[in-house]
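Asker: One predicted model, sequence on top.
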Amino acid sequence: MTMKKEITPADILPYETYAAERKARRAAAMAMKKNRRISVGPHATFYFENYETMFQQVHEMLHIEKGGAEQLEDELRAYNPLIPQGNELVATIMFEIEDPVRRDRFLRSITWVEKHLYIDVGGAHVIGEAELDVERTKADGKTSSVHFVHFRFTPEQIAKFRDPKVPVMAVVAHENYHHMAMLSPAVREALVRDFA
């Protein structure tokens, strides 16, 4: 089954329709996202995006901000690039530390972390490519707590990803934060659909 790769204005539900269905749609999205995230070490979480997660996000932004057609154009420009195009996984990677002082110190210790992210597929590294919409590491060395990253696979890497015997890991390989986590069978089953 081919997955949709772009949200168009024609896909957007009327405000009233989404408002009436919002509770059920949010619950369904939470259930779907459960197998689209993985913790990597104590502070990083990879949230793998797809058409459905971005469809939900766009509708939530429109529901909350009520900006109409003008806002819709901005939301589509922001979120459409995060929909996988058939040869990639796309992740929102968040570094989450509640204490603001510890968070600030940590984010200053992982300068340019976006250049040290990859998916290990049976020993082959699928290097992350950060979205270039904004610079995620500032001049003072502090990186953002949120990064949007594309992992583009070759056909051979996709074939290996589909093979349950081949181990697959999400990796942060920064000198000050070096952690990896194996993708569970449930997560791989969810993510393999992104290659359709």
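Answerer: Great, that's in hand. Residues are numbered from 1 along each chain as shown.

Asker: Where do the helices of the chain begin and end?
Answerer: Residue ranges of the helices in the chain, as given by DSSP state H, are 15-33, 51-65, 68-79, 100-109, 155-162, 185-191.

Asker: which residues sit against the second one?
Answerer: When you say that, I think you mean helix 51-65. 3-5, 7, 11-13, 15, 18-19, 22, 25-26, 29, 32-33, 36, 47, 71-72, 75-76, 79-80, 82-83 (Cβ atoms under 8 Å, 6 or more residues apart in numbering). In this view, the C-beta of every residue, glycine as well, is placed from N, C-alpha and C.

Asker: By neighbour count, sort out the buried ones in those.
Answerer: Buried residues within these, counting neighbours by 16 or more other Cβ atoms under 10 Å: 7, 12-13, 18, 25, 29, 33, 36, 72, 75-76, 79, 82-83.

Asker: Any stretches of this structure with poor pLDDT?
Answerer: 1-2, 133-135 (pLDDT under 70).

Asker: partners of the residue most central in space within it in the sheet?
Answerer: Nearest to the mean C-alpha position of the chain, by Cα atoms, centre = their mean, lies residue 91 at 2.2 Å. Bridge pairing for residue 91 (DSSP bridges) gives the partners residue 48, residue 149.
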